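>>> 3D model of this:
(chains A, B and C)
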Amino acid sequence: MPDPILSIKNLTVVFKTRSGDVPVIDDVSFSIAPREILGIVGESGCGKTMTSLAIMRLMPEQGKITSGSIRLSGEDLVVASEARMCGLRGNEISMVFQEPMTALNPVFSVGEQIAEVLKTHQGLSNSEAREHAIELLESVKIPLPSQRANDYPHQLSGGMRQRVMIAIALACKPKVLIADEPTTALDVTVQAHIFELLHELRDQTGTSIILITHDMASVAEMAERVMVMYAGRKVEEGPVEEILKNPLHPYTQGLIRCVPHLKETISPERKDLHEIPGIVPPISHFGRNECLFAPRCCFVEDRCLNQRPLDSKRAAKHLTACWQENTNFEKVFA
Amino acid sequence: MQFISLTLKRVGFGVVLLLIVLILNFFLMHLAPGDIADTIAIDAGGADEEMMDAIRKDYGLDLPIWEQLLKYLAKVAVLDLGYSFYYNISVTDLILERLPATLLLVISAQLLAITVGVVLGVIAARNPQGITSHFVTVLALVGYSAPVFWTGIMLIILFSSILPIFPIGGLMDVSIEREGFAKMLDILHHLVLPSITLASIFVALYSRLARASMLDVLGSDYVRTAKAKGLSEFLVVYKHALRNALLPVVTMAGMVFSGVISGAVLVETVFSWPGLGTLAVQAILARDTPTILGILFFSSFVVVVANLLTDMLYRIIDPRIRTSND
Amino acid sequence: MTKQSSLFKVDHEDFRDENPFMEIFRMYLKNYSAVLGLLVLLLIVFISLIGPFIYSVDPFEMVWLPFTHPGEQGFILGTDYLGRDLLAQIIHGGKVTLAVGCSAALLSVVIGITIGSLSGFYSGWIEELLMRITEFFQVLPTLLFSMVIVALFGASLPVITFAIGIVSWTAVARITRAEFLRIRELEYVTASRSVGARDIYLIMRVILPNALPPIVVQATLMVGSAILFEAGLSFLGLSDPNVMSWGAIMGNNRQYILQEGFVLMYPGMAIFMTVLAISLVGDGLNDSLNPKLRKR
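So this is what the prediction gives:
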């Protein structure tokens, strides 16, 4: 594996809440290589979005990085100055958000909003930036780009807006693009187009992509490697094919079982979809020295309730945080 | 095209509103005890029934009421608002003479209130637990609760009596003949206290509104996008957030305009400002009905125009309305 | 309450056994500035009602030289331009100011609720018409219009009250309408409708009670603005000459700002304190009636 472009080590983000400080990201480490697409999966409230905001250093005010490092080509973003972060955001590392309907400023034309990032980071003049913005609109496959550049966000469909967001994010050819549920708010057909576009742009620009999603199917389609998060912790990490074939953590297994077409081998006839019983624990439980998935797990044993399981290597590049030595799919749902 | 047809629609609605004001005026005139004949008779020191009837006939008061109404509307349409027996001048001329002073006061007070209010609101929103934020909360309460004429009087006592920095009232110093720039400066000097007084009611309103809408906008997705683009804090706040946060302020500015006129009547009275407000008070004390109703009509006209202007301003700031296709 | 049901109603558990008014009252008491406002307001009402009997100086009687300074000759607040006792005037004026303020506010709330609920409940021409009427009153320069009414029909307390109430209802109507528009789409309204409830029943018994919290807050604030309005009219000389009110005291002594500012300061202070107290009460009610805040 080549040197990672972005490497996160033992990152812990603490939220101040009324019931005390709570680690919403709890000692998470991962890295991403150049040109790689990494999927981060988990239910809502598992810390996926918070991880991406921590990397961008755009966390809400009550959140604070208490330990760990975030190294972008070796430079630690945790200790970077705010001015330095402004220089990196949108330039070296950029982000596409979940809600294309609200993520663009309603009072500026989309052309202006793309041009702005070029003017900020590349010092282009107004006319150069505009020209380049139109090229970018073209590269994200927006028809009639020079006319669309004058449109305001409300005049575009959700899919078009998300393309504009991607154009903004990729304008400066960043090293890393974080896409936070980029297709959740969109139609399924549009989703496929956006994924295709992201793939293509990655191939052209060599940008690494972190895809954040709650949907294993998206990961299967897009990502090369996957990291599963639960309650602010990493529970499993590995290459996509490996994880889909041989998920080790009961939570990962549950996530895969939620998707109908991923495991056609189970049974040729239509099977009921399985859901994972229970819900993500309340934020006040985060950080306890126990397996936070235990209440929902059918393999729970005493050890799970008394000690937090740490990452253990089960195969090459395949890590999981579970006390069970050889959980596997057949056992779970037999 | 959209813009023009919408504007025309608003103008049409404004005209209808003014028409209703006129009809209301007309019936107020008729419902009130006493008519023009009585006024003239009192003015002339008494008159007999015959003469009164002659006057009534002269003014068309013997005609059926709807005919009188039509005649009244026709007269207003050519800007004839009647004749003031108290000032011995046509009401339109009288009002046009006083209107500029009122407009000067009202506009400068509104601009002052919006500017100060928005600045305070933005500072407060950027630091919701900070001292400015608490100040805005207190200011909003005080500004709303203090009677505006009392505020004016207190300012006069402070800045004209105890510390004689500003003149106690009037539009300009009539004891010295001034021209051009010197005259303008003198008027500005006289304008300071009245406009601060009138603005004081609305600063509170605008700052509270700007704070709330700025807080809202600062938490929005597109502000996060702007930050993720690597824009500086300054650009994020003053370019991306402020323009959106201003929209409710503009709406409010249109909505409170009739309140501003009301405030102006009191402020003009306190500062002897020679505008429509002082004229209205004098006319009422003198029972000069045509002048009173003329002022009511004209100030409604000013409010309608102000509403139209804020409406257009809103559409300039907000492309969602400017370019909407439906 | 059984153990089981408390499991499912965790959110409201703390409040379950209490009567809703107690709950609101308890929330209100937690808000110190609101409690302070209420105490000041009660004190002002008390002084205005009881004061004239305790401090029985006639506010219209000339008792000493004009503009006696506060504290001199036993006049706590001094005398006005006619040598009348300012303290007596303020004590007597409170009653009129509060009475006009409350009744004008009541009038505007009644008009506002009527127009707001009808325009929020019905759509079509009724809504259209009522909205236009509301917009018309928003365009009308309120103080000037009231001045005209008072000037034409005489400066008596009923006319003044009417003149204030008739121009002040638009805010109440707007809020009522907004609440009606929101509530009329909710399930329990549809449910009542589906079992054949009549419109009047739906408006009065189903929707209105649920729309009340913001209206109550606005009604409270209306009392404050009606007091300011009355004070403004009186200050301009449009007050009932037979009664004393705070605004009238200021209007009477208007010409003497530079010479004797204190005569203008105290009555204005009384208006200010009263309206401020009412605003604090209104804010407190807003917080304690707002269910979103209550849950925290």
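
>>> Spell out, range by range, the helices that occur in the chain.
As the question left the chain open, I've gone with chain A. Along chain A, the segments classed as helices by DSSP state H run A:48-56, A:82-88, A:100-103, A:110-122, A:126-139, A:145-148, A:158-170, A:188-205, A:216-222, A:240-245, A:250-257, A:302-306, A:329-333.

>>> Chain C was what I was after
C:3-8, C:20-29, C:32-54, C:86-121, C:125-139, C:142-153, C:157-168, C:170-183, C:187-194, C:199-201, C:208-235, C:246-252, C:262-289, C:291-295.

>>> could I get those as TSV with mean pLDDT, distance to chain B and mean neighbour count?
(C-beta placed from N, C-alpha, C; glycine too.) As requested, the helices of chain C are exported to TSV (pLDDT from 0 to 100; distance: least, CB to the nearest CB, whole Å; neighbours: other CB atoms under 10 Å in any protein chain shown):
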stretch	mean pLDDT	distance to chain B	mean neighbour count
helix C:3-8	37	32	9
helix C:20-29	79	17	14
helix C:32-54	88	9	15
helix C:86-121	90	11	23
helix C:125-139	87	5	16
helix C:142-153	88	3	24
helix C:157-168	93	9	22
helix C:170-183	91	10	21
helix C:187-194	85	29	12
helix C:199-201	86	28	11
helix C:208-235	91	5	23
helix C:246-252	86	7	27
helix C:262-289	88	3	23
helix C:291-295	47	15	10
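
>>> With respect to residue B:55, which of the ones you listed lies nearest?
helix C:142-153 (19.7 Å; CB to CB).

>>> For that closest one, which helices and strands make contact with it?
helix B:2-31, helix B:257-270, helix B:276-285, helix B:289-317, helix C:157-168, helix C:208-235 (3 or more CB pairs under 8 Å, 6 or more residues apart in numbering or on different chains; DSSP states H and E).

>>> What lies in contact with that helix?
B:28, B:31-33, B:258-259, B:261-263, B:265-266, B:280-281, B:284, B:287, B:289, B:292-293, B:295-296, B:299, C:159-160, C:162-164, C:166-168, C:229, C:232-233, C:236, C:238 (CB atoms under 8 Å, 6 or more residues apart in numbering or on different chains).

>>> Stretch B:91-108 too?
B:79-84, B:87, B:171, B:187, B:191, B:194-195, B:198, B:260-261, B:264, B:267-268, B:273-279, B:290-291, B:294-295, B:298, B:302.

>>> Report the buried members of the residues you listed.
Buried by 16 or more other CB atoms under 10 Å in any protein chain shown: B:81-84, B:87, B:171, B:187, B:191, B:194-195, B:198, B:260-261, B:264, B:267-268, B:273-279, B:290-291, B:294-295, B:298, B:302, out of those.

>>> coming back round to it: of all the helices of chain C, which one is nearest residue B:202?
helix C:208-235 (13.9 Å).

>>> orientation of that closest one relative to helix C:20-29 in degrees?
Here the directions of helix C:208-235 and helix C:20-29 differ by 50 degrees (axes from the mean of the first three to the mean of the last three CA atoms, to 10 degrees).

>>> For chain C, what's its nearest residue on the stretch 101-250 of chain A.
residue A:231 (20.8 Å; CB to the nearest CB).

>>> Distance check, that residue against residue A:287.
Look at residue A:231 and residue A:287: by CB to CB, to the nearest Å, they are 9 Å apart.

>>> What of residue C:232?
60 Å.

>>> Residue A:147: which of the helices and strands packed on helix C:142-153 is closest?
helix B:2-31 (17.7 Å).

>>> buried set for that closest one?
B:6, B:13-14, B:17-18, B:20-22, B:24-26, B:28-29.

>>> okay, those in JSON lines with distance to residue A:117 and pLDDT next?
Listed next are the buried residues of helix B:2-31 as JSON lines, based on distance: CB to CB, whole Å; pLDDT from 0 to 100:
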{"residue": "B:6", "distance to residue A:117": "34", "pLDDT": "76"}
{"residue": "B:13", "distance to residue A:117": "42", "pLDDT": "84"}
{"residue": "B:14", "distance to residue A:117": "43", "pLDDT": "86"}
{"residue": "B:17", "distance to residue A:117": "47", "pLDDT": "86"}
{"residue": "B:18", "distance to residue A:117": "49", "pLDDT": "88"}
{"residue": "B:20", "distance to residue A:117": "52", "pLDDT": "87"}
{"residue": "B:21", "distance to residue A:117": "52", "pLDDT": "87"}
{"residue": "B:22", "distance to residue A:117": "56", "pLDDT": "88"}
{"residue": "B:24", "distance to residue A:117": "56", "pLDDT": "86"}
{"residue": "B:25", "distance to residue A:117": "58", "pLDDT": "84"}
{"residue": "B:26", "distance to residue A:117": "61", "pLDDT": "84"}
{"residue": "B:28", "distance to residue A:117": "61", "pLDDT": "81"}
{"residue": "B:29", "distance to residue A:117": "64", "pLDDT": "77"}
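
>>> Now for the residue of the stretch 101-250 of chain A closest to chain C: which residues touch it?
Taking CB under 8 Å, 6+ apart as the test, what residue A:231 contacts is A:26, A:45, A:46, A:47, A:280, A:281, A:285, A:286, A:292, A:293.

>>> May I see the helices of chain A organised as TSV, with mean neighbour count and distance to residue C:254 added?
Supplementary listing: the helices of chain A in TSV, determined by neighbours: other CB atoms under 10 Å in any protein chain shown; distance: least, CB to CB, whole Å:
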stretch	mean neighbour count	distance to residue C:254
helix A:48-56	23	61
helix A:82-88	15	56
helix A:100-103	22	54
helix A:110-122	23	55
helix A:126-139	18	58
helix A:145-148	16	64
helix A:158-170	25	61
helix A:188-205	16	70
helix A:216-222	21	75
helix A:240-245	18	83
helix A:250-257	24	78
helix A:302-306	13	80
helix A:329-333	14	87
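
>>> export the ones you listed to CSV and tack on mean pLDDT?
Converted to CSV, the helices of chain A look like this (pLDDT from 0 to 100):
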stretch, mean pLDDT
helix A:48-56, 90
helix A:82-88, 90
helix A:100-103, 86
helix A:110-122, 92
helix A:126-139, 90
helix A:145-148, 90
helix A:158-170, 89
helix A:188-205, 86
helix A:216-222, 86
helix A:240-245, 86
helix A:250-257, 82
helix A:302-306, 80
helix A:329-333, 44
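
>>> Using CSV, lay out the ones you listed together with distance to chain C.
Compiled in CSV, the helices of chain A are given as follows (distance: least, CB to the nearest CB, whole Å):
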stretch, distance to chain C
helix A:48-56, 22
helix A:82-88, 31
helix A:100-103, 21
helix A:110-122, 33
helix A:126-139, 40
helix A:145-148, 36
helix A:158-170, 25
helix A:188-205, 30
helix A:216-222, 32
helix A:240-245, 37
helix A:250-257, 26
helix A:302-306, 22
helix A:329-333, 30
